[in-house]
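Chemist: Got a sequence here, can you model it:
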Amino acid sequence: MISFVIPAYNEELLLGRTLRAVNDAVRPLGEEFEVVVADDASTDGTAAVALEHGARVVPVNHRQIAATRNAGAQAVHGEMLIFVDADTVVAAAAVRAAIKALRAGAVGGGCAVRFDGRLPLYGRLMEAIALPLYRALGLASGCFLFCTRAAFYAAGGFDERLFAAEEAALSRALGRQGRFVVLREYVTTSGRKLRAYSGREILVMLARLAVAGPEAVRQRQGLDIWYGERRTDPEFGGKK
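Modeler: Model (predicted):
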């Protein structure tokens, strides 16, 4: 069985799109699958949207992405796990390639990523530089990471001491268990954060992280882009 784990916090506006994409990608393959939404203390209709689209809801109250992903993983039954963010549209080709890689002996992997909508200049630069760099380093983006169940637990799951970069840490940990691949196939994730924050704000945050070092991602403070009050997305009529 293939198990999709989707962490979500107040994602009623985008979650339906994500779940439809997952269902559309997997059903033609004839594979047995399940979808679990780890609903992390949402105050909107996230859980209702998940149930409407046939997902199983696991309510948690962590407000920390690593712990929420782990909670979702603990509730699934499949031997192949695919972690997808609630604002990400998966392509059938990426899902097929992930399954093929796992069956060919890979312990896990990621894929290429594209952002939706129009991006500010600094966002386009990040897309052109940062994402290929992540790929060159052999790291999976958090919006799409897959692995075997056995490798996930052997690697210790997502490191709950981290409030960010947990996908990079798990990529490295999985790589120590066996072959970790980054596929050429891609998924499309929301560019809302790049539109909602200015280039100056992002640069200040990155500079702060660089100065503070690894300890910076071990606390929620200073990570507003992930844990601050969500800003509206100017690209889509002010929707969050």
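Chemist: right, and G45 touches L13 too?
Modeler: No - applying C-beta atoms under 8 Å as the test, G45 and L13 come out as separate, 9.2 Å apart. Every C-beta, even on glycine, is put in place using the N, C-alpha and C of the backbone.
Chemist: what about the spatially closest residue to A55 that is not a sequence neighbour, distance to R118?
Modeler: Taking C-beta to C-beta, 6 or more residues apart in numbering, and ignoring the residues beside it in sequence, A55 has V35 as its nearest neighbour in space, at 4.2 Å. Distance of V35 to R118, given as C-beta to C-beta, to the nearest Å: 30 Å.
Chemist: which one of these two has more residues nearby?
Modeler: For V35 and R118, the more surrounded residue by other C-beta atoms under 10 Å is V35, and the numbers stand at 24 against 12.
Chemist: what are the pairing partners of the longest strand belonging to the chain, and which direction each?
Modeler: If you go by DSSP state E, the chain has its longest strand at strand 180-189. Sheet neighbours of strand 180-189, with direction, are listed as strand 88-89 (antiparallel), strand 108-115 (parallel) (DSSP bridges).
Chemist: Go through whatever helix or strand comes next after the longest one and flag the buried ones.
Modeler: Spelled out, that is strand 108-115. Past strand 108-115, further along toward the C-terminus, the next helix or strand under DSSP states H and E is helix 121-136. For helix 121-136, the neighbour count (16 or more other C-beta atoms under 10 Å) marks 122-123, 126-127, 131, 134-135 as buried.
Chemist: ok so, going back, run the chain-centre distance for the very next helix or strand once past the longest strand of the chain.
Modeler: Proceeding N to C from strand 180-189, the next assigned helix or strand is helix 192-196, under DSSP H and E. In this view, helix 192-196 has its centroid 16 Å away from the chain centroid, taken as C-alpha atoms, centre = their mean, to the nearest Å.
Chemist: what does helix 192-196 contact?
Modeler: Judged by C-beta atoms under 8 Å, 6 or more residues apart in numbering, the contacts made with helix 192-196 from elsewhere in the structure are 87, 115, 117-120, 122-123, 126, 202, 225, 230-236, 240.
Chemist: Got a quick ChimeraX command for the buried subset of these?
Modeler: Selecting in ChimeraX just the buried members of these, where the criterion is 16+ other C-beta under 10 Å, is done with this command:
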select :87,115,119,120,122,123,126,202,225,230,233,235,240
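Chemist: If anything else comes up later, I'll come back, but that's it for now.
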